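Engineer: Predicted model follows, preceded by the sequence.
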2 protein chains.
Amino acid sequence: MTYHDSQLDALGDATRRAIVDRLLRGPSSVGELAEAFPVSRPAISQHLRVLKEARLVTDRAVGAKRVYQIHPQGFEHLRTYFERFWGDALTSFKAKVEKRS
Amino acid sequence: MTYHDSQLDALGDATRRAIVDRLLRGPSSVGELAEAFPVSRPAISQHLRVLKEARLVTDRAVGAKRVYQIHPQGFEHLRTYFERFWGDALTSFKAKVEKRS
DNA sequence: GCCTAGCGTAAGTATTAACTTACGGTAAGT
DNA sequence: ACTTACCGTAAGTTAATACTTACGCTAGGC
């Protein structure tokens, strides 16, 4: 199954990219994230849901808190997609163009 | 200069990703692209402008037509960004997580 | 010179998506 | 049990963006 479309959609928003950057520095609760960004906590929750559905983050309960963290497997999936992209489609395109010049 | 943000924004739309896929099979004029997709020609033009500003495509005049094609350099820039992402941020995050488990 | 083909852009509309407020539900402390 | 902290979601609003229609410009054929 290819869910890199939802992953690219998820990364197509600046706030969500900022959340990812933040989570790369370590796991974080929703409240902590909400304090770090100029949007409300529900807005953060909704962004996290998009990222979670795209398999870019995971969450777990820690007491009453809910801690989110990067999901490396999801990013590996995206990486595989890009590797194939660079390796197949893009280089074959470059070869095609250079041949014609 | 880092313009991978605009590149991720550009790739965050399904129609633009489809246009990119189409252009990977070879250069194409605006009219040809418009026939391949269920949107009007001006809509295609606007998508192409976004892709062009993100340095993902280039265009050139061929008679009265305007031919668009993939811009490998722009994609290389994105690739460099991701390589750094995989190599630095993601692996250091994974190390941090595994150390704690 | 005139006409047609092919596009870009401006302007306005419609659809999507990001956001806020309000509410309810669970977990731990007292 | 009651209270507080923390969060998800529903509902509604606002803002962003994808879209269409209308128009004007340039290139090439006649």
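Structural biologist: Great, that's in hand.

Engineer: which residue ranges form the helices in chain A?
Structural biologist: A:4-11, A:14-24, A:30-36, A:41-53, A:72-84, A:91-100 (DSSP state H).

Engineer: can you tell me the residue of chain A closest to DNA strand D?
Structural biologist: Here the residue of chain A nearest DNA strand D is A:G31; by CB to the nearest atom of the strand that distance is 2.6 Å. (Each C-beta comes from the backbone N, C-alpha and C, glycine too.)

Engineer: There's contact between that residue and A:A64 in this structure, I believe.
Structural biologist: No. Between A:G31 and A:A64 there is no contact under CB atoms under 8 Å: 10.2 Å.

Engineer: the more surrounded of those two?
Structural biologist: A:G31 (12 against 6; other CB atoms under 10 Å in any protein chain shown).

Engineer: how many other residues sit next to the closest residue to the more buried one other than its chain neighbours?
Structural biologist: In this structure, A:G31 finds its nearest non-sequential neighbour in A:R41, 6.6 Å apart by CB to CB, 6 or more residues apart in numbering or on different chains. A:R41: 13 surrounding residues under other CB under 10 Å.

Engineer: Restrict stretch A:66-80 to CA atoms and write it as PDB.
Structural biologist: C-alpha atoms of stretch A:66-80 as PDB (Å, rounded to 0.1, in the frame of the first residue of the first chain):
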ATOM      1  CA  ARG A  66      -0.700  12.100  25.600                       C
ATOM      2  CA  VAL A  67       2.800  12.000  24.300                       C
ATOM      3  CA  TYR A  68       3.500  12.200  20.600                       C
ATOM      4  CA  GLN A  69       6.700  11.300  18.900                       C
ATOM      5  CA  ILE A  70       8.200  10.800  15.500                       C
ATOM      6  CA  HIS A  71       7.500   7.500  13.800                       C
ATOM      7  CA  PRO A  72      10.700   6.500  12.100                       C
ATOM      8  CA  GLN A  73       9.000   3.700  10.100                       C
ATOM      9  CA  GLY A  74       6.700   6.100   8.400                       C
ATOM     10  CA  PHE A  75       9.500   8.300   7.400                       C
ATOM     11  CA  GLU A  76      11.400   5.300   6.200                       C
ATOM     12  CA  HIS A  77       8.400   4.600   3.900                       C
ATOM     13  CA  LEU A  78       8.600   8.100   2.600                       C
ATOM     14  CA  ARG A  79      12.300   7.700   2.100                       C
ATOM     15  CA  THR A  80      11.800   4.500   0.100                       C
END
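
Engineer: need the residues of chain A near chain B, please.
Structural biologist: Contact residues (CB under 8 Å from any CB of the partner chain) of chain A with chain B: A:5, A:8-9, A:11-14, A:17, A:21, A:24, A:26-27, A:69-70, A:72, A:75, A:79, A:82, A:86, A:89-90, A:93-94, A:96-97.
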